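# got a structure for you, letters missing:
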(Lines give C-alpha, C1' and ligand atoms only; values in the text may rest on other atoms or scores of the structure.)
Protein backbone atom coordinates (compact mmCIF):
# COMPACT_ATOMS: atom_id res chain seq x y z
CA UNK A 1 0.00 0.00 0.00
CA UNK A 2 1.27 3.46 -0.80
CA UNK A 3 1.38 5.53 2.38
CA UNK A 4 2.68 8.90 1.19
CA UNK A 5 0.52 11.95 1.90
CA UNK A 6 -1.98 9.99 3.97
CA UNK A 7 -2.54 8.60 7.45
CA UNK A 8 -0.81 5.40 8.44
CA UNK A 9 -2.91 3.13 10.70
CA UNK A 10 -1.52 1.86 13.98
CA UNK A 11 -4.54 -0.08 15.25
CA UNK A 12 -8.32 0.04 15.31
CA UNK A 13 -10.95 -0.12 18.03
CA UNK A 14 -13.15 -2.82 16.55
CA UNK A 15 -13.49 -6.06 18.52
CA UNK A 16 -14.14 -9.31 16.66
CA UNK A 17 -15.92 -12.50 17.68
CA UNK A 18 -14.11 -15.15 15.64
CA UNK A 19 -10.43 -15.86 15.15
CA UNK A 20 -9.32 -14.64 11.68
CA UNK A 21 -7.87 -17.92 10.40
CA UNK A 22 -8.21 -17.00 6.74
CA UNK A 23 -6.73 -13.53 7.14
CA UNK A 24 -3.78 -15.03 9.00
CA UNK A 25 -3.42 -17.67 6.27
CA UNK A 26 -3.23 -14.98 3.57
CA UNK A 27 -0.56 -13.14 5.56
CA UNK A 28 1.47 -16.34 5.93
CA UNK A 29 1.12 -17.19 2.22
CA UNK A 30 2.27 -13.72 1.18
CA UNK A 31 5.27 -13.80 3.52
CA UNK A 32 6.19 -17.34 2.43
CA UNK A 33 5.98 -16.37 -1.25
CA UNK A 34 8.21 -13.36 -0.60
CA UNK A 35 10.82 -15.41 1.26
CA UNK A 36 10.84 -18.07 -1.48
CA UNK A 37 11.23 -15.42 -4.19
CA UNK A 38 14.19 -13.67 -2.55
CA UNK A 39 16.72 -15.96 -4.20
CA UNK A 40 15.68 -14.74 -7.66
CA UNK A 41 13.25 -11.89 -7.03
CA UNK A 42 13.52 -10.32 -10.48
CA UNK A 43 12.94 -13.65 -12.20
CA UNK A 44 9.93 -14.45 -10.02
CA UNK A 45 8.36 -11.07 -10.77
CA UNK A 46 9.03 -11.49 -14.49
CA UNK A 47 7.55 -15.00 -14.57
CA UNK A 48 4.68 -14.69 -12.13
CA UNK A 49 3.80 -10.99 -12.02
CA UNK A 50 0.87 -9.71 -14.05
CA UNK A 51 2.37 -8.29 -17.25
CA UNK A 52 -0.57 -6.84 -19.24
CA UNK A 53 0.94 -7.36 -22.69
CA UNK A 54 1.55 -11.03 -21.78
CA UNK A 55 -1.71 -11.52 -19.88
CA UNK A 56 -2.43 -14.97 -18.48
CA UNK A 57 -4.93 -16.36 -16.01
CA UNK A 58 -2.10 -17.82 -13.95
CA UNK A 59 -0.38 -14.47 -13.38
CA UNK A 60 -3.74 -12.83 -12.66
CA UNK A 61 -3.68 -15.00 -9.54
CA UNK A 62 0.03 -15.38 -8.73
CA UNK A 63 0.81 -11.68 -9.08
CA UNK A 64 -1.26 -10.84 -6.01
CA UNK A 65 1.00 -12.96 -3.79
CA UNK A 66 4.35 -11.49 -4.88
CA UNK A 67 6.05 -8.32 -3.60
CA UNK A 68 8.90 -6.22 -4.85
CA UNK A 69 10.69 -5.56 -1.58
CA UNK A 70 10.59 -5.65 2.20
CA UNK A 71 8.85 -2.28 2.60
CA UNK A 72 6.26 -3.33 0.03
CA UNK A 73 5.27 -6.52 1.82
CA UNK A 74 5.47 -5.09 5.34
CA UNK A 75 3.17 -2.19 4.46
CA UNK A 76 0.67 -4.46 2.76
CA UNK A 77 0.62 -7.06 5.51
CA UNK A 78 0.18 -4.40 8.19
CA UNK A 79 -2.93 -3.01 6.48
CA UNK A 80 -4.26 -6.55 6.02
CA UNK A 81 -3.57 -7.40 9.67
CA UNK A 82 -5.42 -4.34 10.98
CA UNK A 83 -8.47 -4.36 8.71
CA UNK A 84 -8.84 -7.91 7.43
CA UNK A 85 -9.82 -9.60 10.69
CA UNK A 86 -13.00 -7.56 11.11
CA UNK A 87 -14.10 -8.09 7.52
CA UNK A 88 -13.56 -11.84 7.96
CA UNK A 89 -15.51 -11.63 11.24
CA UNK A 90 -18.43 -10.08 9.39
CA UNK A 91 -18.37 -12.25 6.25
CA UNK A 92 -17.31 -15.56 7.75
CA UNK A 93 -14.25 -17.60 6.82
CA UNK A 94 -15.24 -19.04 3.43
CA UNK A 95 -16.96 -15.92 2.11
CA UNK A 96 -13.97 -13.85 3.18
CA UNK A 97 -11.59 -16.16 1.33
CA UNK A 98 -13.62 -15.85 -1.88
CA UNK A 99 -14.04 -12.11 -1.37
CA UNK A 100 -10.29 -11.53 -0.96
CA UNK A 101 -9.42 -13.43 -4.13
CA UNK A 102 -12.18 -11.74 -6.16
CA UNK A 103 -11.04 -8.33 -4.91
CA UNK A 104 -7.54 -9.07 -6.16
CA UNK A 105 -8.86 -10.23 -9.52
CA UNK A 106 -11.09 -7.15 -9.90
CA UNK A 107 -8.15 -4.91 -9.05
CA UNK A 108 -5.84 -6.62 -11.52
CA UNK A 109 -8.43 -6.56 -14.29
CA UNK A 110 -8.88 -2.79 -14.04
CA UNK A 111 -5.11 -2.34 -14.06
CA UNK A 112 -4.90 -4.62 -17.10
CA UNK A 113 -7.69 -2.80 -18.96
CA UNK A 114 -5.96 0.57 -18.53
CA UNK A 115 -2.44 -0.71 -19.27
CA UNK A 116 -3.09 -3.37 -21.87
CA UNK A 117 0.15 -2.76 -23.78
CA UNK A 118 2.40 -2.43 -20.74
CA UNK A 119 5.37 -4.76 -20.43
CA UNK A 120 5.92 -3.87 -16.75
CA UNK A 121 4.93 -6.68 -14.34
CA UNK A 122 2.52 -5.70 -11.57
CA UNK A 123 2.86 -7.50 -8.24
CA UNK A 124 1.52 -7.15 -4.74
CA UNK A 125 -1.46 -7.81 -2.52
CA UNK A 126 -2.48 -4.15 -2.65
CA UNK A 127 -5.44 -4.73 -4.96
CA UNK A 128 -6.94 -7.47 -2.80
CA UNK A 129 -6.25 -5.49 0.37
CA UNK A 130 -7.87 -2.43 -1.20
CA UNK A 131 -10.99 -4.57 -1.50
CA UNK A 132 -10.73 -5.29 2.21
CA UNK A 133 -10.44 -1.56 2.90
CA UNK A 134 -13.50 -0.79 0.78
CA UNK A 135 -15.56 -3.41 2.60
CA UNK A 136 -14.31 -2.23 5.99
CA UNK A 137 -15.31 1.35 5.23
CA UNK A 138 -18.92 0.47 4.46
CA UNK A 139 -19.31 -2.24 7.11
CA UNK A 140 -17.61 -0.34 9.94
CA UNK A 141 -17.75 3.35 8.99
CA UNK A 142 -17.71 4.59 12.58
CA UNK A 143 -14.97 2.29 13.89
CA UNK A 144 -12.10 4.28 15.37
CA UNK A 145 -8.63 3.97 13.86
CA UNK A 146 -5.47 5.21 15.54
CA UNK A 147 -3.29 6.83 12.89
CA UNK A 148 0.02 8.60 12.69
CA UNK A 149 0.46 11.55 10.37
CA UNK A 150 2.91 14.41 9.90
CA UNK A 151 5.74 14.65 12.44
CA UNK A 152 4.70 11.38 14.06
CA UNK A 153 1.51 12.84 15.56
CA UNK A 154 -0.91 10.12 16.67
CA UNK A 155 -4.65 10.68 16.57
CA UNK A 156 -7.91 8.76 16.38
CA UNK A 157 -10.26 9.13 13.42
CA UNK A 158 -13.25 7.27 12.03
CA UNK A 159 -12.69 4.52 9.50
CA UNK A 160 -14.81 6.33 6.90
CA UNK A 161 -12.61 9.42 7.28
CA UNK A 162 -9.26 7.64 7.13
CA UNK A 163 -10.20 5.28 4.31
CA UNK A 164 -12.05 8.02 2.44
CA UNK A 165 -8.87 10.13 2.46
CA UNK A 166 -6.88 7.08 1.36
CA UNK A 167 -9.23 6.44 -1.56
CA UNK A 168 -9.25 10.11 -2.59
CA UNK A 169 -5.45 9.99 -2.76
CA UNK A 170 -5.65 6.93 -5.03
CA UNK A 171 -8.13 8.71 -7.31
CA UNK A 172 -6.00 11.84 -7.59
CA UNK A 173 -2.79 9.89 -8.14
CA UNK A 174 -4.46 7.54 -10.63
CA UNK A 175 -5.84 10.46 -12.60
CA UNK A 176 -2.41 12.07 -12.70
CA UNK A 177 -0.93 8.81 -13.97
CA UNK A 178 -3.31 8.93 -16.93
CA UNK A 179 -1.69 12.22 -17.92
CA UNK A 180 1.83 10.87 -17.75
CA UNK A 181 2.84 11.16 -14.10
CA UNK A 182 5.23 8.33 -13.24
CA UNK A 183 5.23 6.62 -9.84
CA UNK A 184 5.63 2.87 -10.31
CA UNK A 185 2.42 2.30 -8.32
CA UNK A 186 -0.65 0.64 -9.82
CA UNK A 187 -3.15 3.17 -8.48
CA UNK A 188 -6.01 1.84 -10.57
CA UNK A 189 -5.52 -1.60 -9.10
CA UNK A 190 -6.11 0.03 -5.71
CA UNK A 191 -9.14 1.87 -7.07
CA UNK A 192 -10.59 -1.25 -8.69
CA UNK A 193 -10.13 -3.35 -5.57
CA UNK A 194 -11.57 -0.68 -3.28
CA UNK A 195 -14.68 -0.11 -5.41
CA UNK A 196 -15.27 -3.85 -5.69
CA UNK A 197 -14.87 -4.25 -1.93
CA UNK A 198 -17.20 -1.36 -1.14
CA UNK A 199 -19.90 -2.71 -3.48
CA UNK A 200 -19.53 -6.21 -2.04
CA UNK A 201 -19.69 -4.80 1.48
CA UNK A 202 -22.85 -2.84 0.70
CA UNK A 203 -24.45 -5.91 -0.88
CA UNK A 204 -23.60 -8.03 2.15
CA UNK A 205 -24.92 -5.40 4.55
CA UNK A 206 -28.17 -5.15 2.60
CA UNK A 207 -28.63 -8.92 2.46
CA UNK A 208 -28.04 -9.19 6.22
CA UNK A 209 -30.72 -6.69 7.16
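Received it, and whenever you're ready, just let me know what you need. Source: prediction; values computed, not measured.
# check contacts around the residue most central in space within the chain.
Nearest residue to the geometric centre of the chain (C-alpha atoms, centre = their mean): residue 129, 2.3 Å. By C-beta atoms under 8 Å, 6 or more residues apart in numbering, the contact set of residue 129 is 1, 76, 79, 80, 83, 84, 103, 193. (Each C-beta comes from the backbone N, C-alpha and C, glycine too.)
# so which of these belong to helices?
76, 79, 80, 83, 84, 103, 193 (DSSP state H).
# I'd like the next helix or strand past the strand or helix carrying residue 138.
For residue 138, the element it lies in under DSSP states H and E is helix 126-139. Next along the chain after helix 126-139, taking DSSP H and E as the criterion, comes strand 144-148.
# give me the nearest residue to residue 81, chain neighbours excluded.
residue 27 (6.4 Å; C-beta to C-beta, 6 or more residues apart in numbering).
# same question, residue 80
What sits nearest to residue 80 in space, not counting adjacent residues and going by C-beta to C-beta, 6+ apart, is residue 129, at 5.1 Å.
# how near is that neighbour to residue 155?
To residue 155, residue 129 is 23 Å away according to C-beta to C-beta, to the nearest Å.
# try residue 69
As defined by C-beta to C-beta, residue 69 lies at a distance of 29 Å from residue 155.
# can you check residue 143 too?
Applying C-beta to C-beta to residue 143 and residue 155 gives a distance of 15 Å.
# let me see the ranges of the strands in this structure.
All strands of the chain, identified by DSSP state E, fall at 8-13, 144-148, 154-158.
# pLDDT-wise, which helix or strand of the protein ranks last?
For the chain, the helix or strand with the lowest mean confidence is strand 154-158, at a mean of 90 (criterion: mean pLDDT, DSSP states H and E).
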